[in-house]
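Student: A predicted structure for the sequence below; I have some questions about it.
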Amino acid sequence: MRFAHTNIISTNWKELVEFYVKTFECEIVPPIRNQSGEFLEKGTGLKNAKLQGAHLLLPGYGKHGPTLEIYQYETIENQESISPNKRGFGHIAFEVESVEKVLSALLENGGEKLGEIVNRKIEGAGEITFVYARDPEGNIIELQNWK
């Protein structure tokens, strides 16, 4: 068994893919997805399901690592922005060399800062520097560095 991917539903998959490629050095894994039909309706439980999008290879794992799947359905239900303490999936995290440098790139590429950069020693684990931010569509991202 192995972890395969995490999915983000986007209102503009091409722009969100570009954000993750520029900010986190993700790589598009061909082919670009353009899916519809009975198999997708049955598998998702959605009538008339149609989607487009891409898988992005996440950094640090080589060519066969887990991916970030960014899809845009033809019909999307909008929701309020989530806060970090909402039940369910909360955020994705990237371990980075420099939290400050990647946060700067995130902001330049259309993301926004959610919290402040903090540093804390965790007994038995080490020292963490981290901050929460949002991608251009409001999904929460944690930037972290462990020493």
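Tutor: Perfect, thanks for sending it. Numbers count the residues shown, from 1 in each chain.

Student: what about Ala125, distance to Ile140?
Tutor: According to CB to CB, to the nearest Å, Ala125 and Ile140 sit 22 Å apart. All C-beta spots, glycine's among them, are computed from the backbone N, C-alpha and C.

Student: If you count surrounding residues, which of the two has more?
Tutor: Neighbours per residue (other CB atoms under 10 Å) separate Ala125 from Ile140, with Ile140 holding more: 20 against 9.

Student: contacting residues for that one?
Tutor: Ile82, Pro84, Gly90, His91, Ile92, Leu114, Tyr132, Ala133, Arg134 (CB atoms under 8 Å, 6 or more residues apart in numbering).

Student: residues in contact with the third one?
Tutor: It refers to Gly90. Per CB under 8 Å, 6+ apart, neighbours of Gly90: Ile82, Pro84, Ile140.

Student: where does the second one land in three-state SS?
Tutor: In other words, Pro84. coil (DSSP: H, G, I helix; E, B strand; the rest coil).

Student: How much space separates it from Ala54?
Tutor: 27 Å.

Student: So the two - more neighbours on which side?
Tutor: Legend: neighbour count by other CB under 10 Å for Pro84 and Ala54, higher for Ala54 (23 against 11).

Student: and whatever helix or strand the more buried one lives in, which strands flank it?
Tutor: Element membership for Ala54 (DSSP states H and E) is strand 50-57. Within its sheet, strand 50-57 is paired with strand 27-36 (antiparallel), strand 67-73 (antiparallel), according to DSSP bridges.
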